[in-house]
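[1] Show me how the following folds:
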Amino acid sequence: MLRLALILALLVAPTASAGGTLVAFVSAEGEDRLVAVQPITGQVFARLRVPDGPHNVAASPNRRWVLVTSPPAGTVTIVDARRYRKVATLRGFRWPHDVEISPDSRYAYVTEERADRVLVVSLTTRRVVRRVSVGPRPHDLAVSPDGTRVWVTPRTDLV
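    The predicted model follows:
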């Protein structure tokens, strides 16, 4: 099961580093790290320490940014995917779970499960620019290919 979860994480957030090498960013939950790895050879390019419990990872379509949520820590970390370095850690969220990035790479959308809302983060200013109430326990989300809609699904395993 762990191997399957790792493969899915690799498929979710691929990006290209300098030189055209395919790089995937994977959350290593037990180590509190975001790992940049070449998915075919397994070569590790970077291991970045992130706040407690990194979970979901998203790469921007322009391959510039990678974001990772850390629900237990209440944070979202923004990483420069080209330089393998953290540029910001946004704090004070109530269980940020999923993250997706707009097709134009300008905004990130984050479900905030324990606040029943979706956060809109500007990747230019690295700040939350909007909070949208969406109903109980928003869990996963998706952005339409044209960026005009964001779909949110609730977490249903909590009764």
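[2] all strands for this structure, in order.
    14-16, 22-28, 33-37, 44-49, 57-59, 65-70, 75-80, 85-90, 96-101, 107-112, 117-122, 127-133, 138-143, 150-154 (DSSP state E).
[3] Would you mind finding the most buried of those strands?
    Ranked by mean neighbour count, the strands of the chain are led by strand 65-70 with a mean of 26 (mean count of other C-beta atoms under 10 Å). Just so you know, the C-beta spots here come from the backbone N, C-alpha and C atoms, and that holds for glycine as well.
[4] just the angle between that one and strand 107-112, please?
    Taking axes from the mean of the first three to the mean of the last three C-alpha atoms, to 10 degrees, one finds strand 65-70 and strand 107-112 inclined to each other by 10 degrees.
[5] what's in contact with strand 65-70?
    Strand 65-70 has contacts (C-beta atoms under 8 Å, 6 or more residues apart in numbering) with 13, 15, 25, 27, 32, 34, 50-60, 75-81, 96-99, 101, 105, 108, 110, 121, 123.
[6] Direction included, what does that strand pair against?
    Paired neighbours of strand 65-70 in the sheet (DSSP bridges): strand 57-59 (antiparallel), strand 75-80 (antiparallel).
[7] Can you dump the C-alpha atoms of it in PDB for me?
    Output of strand 65-70 as PDB, limited to C-alpha atoms (Å, rounded to 0.1, in the frame of the first residue of the first chain):
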ATOM      1  CA  TRP A  65       6.200  26.500  -7.900                       C
ATOM      2  CA  VAL A  66       5.500  23.500  -5.700                       C
ATOM      3  CA  LEU A  67       3.100  23.700  -2.800                       C
ATOM      4  CA  VAL A  68       2.700  21.200   0.000                       C
ATOM      5  CA  THR A  69       0.100  21.200   2.800                       C
ATOM      6  CA  SER A  70       0.900  20.200   6.300                       C
END
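[8] any idea how far that strand is from the chain center?
    3 Å (C-alpha atoms, centre = their mean, to the nearest Å).
[9] now the angle from that strand to strand 96-101?
    Using the same axes, to 10 degrees: strand 65-70 against strand 96-101 is 170 degrees.
[10] Tell me how far the nearest residue to Thr111 once chain neighbours are set aside lies from Gly53.
    Sequence neighbours aside, Pro138 is the residue nearest to Thr111 in space, at 4.1 Å (criterion: C-beta to C-beta, 6 or more residues apart in numbering). To Gly53, Pro138 is 18 Å away according to C-beta to C-beta, to the nearest Å.
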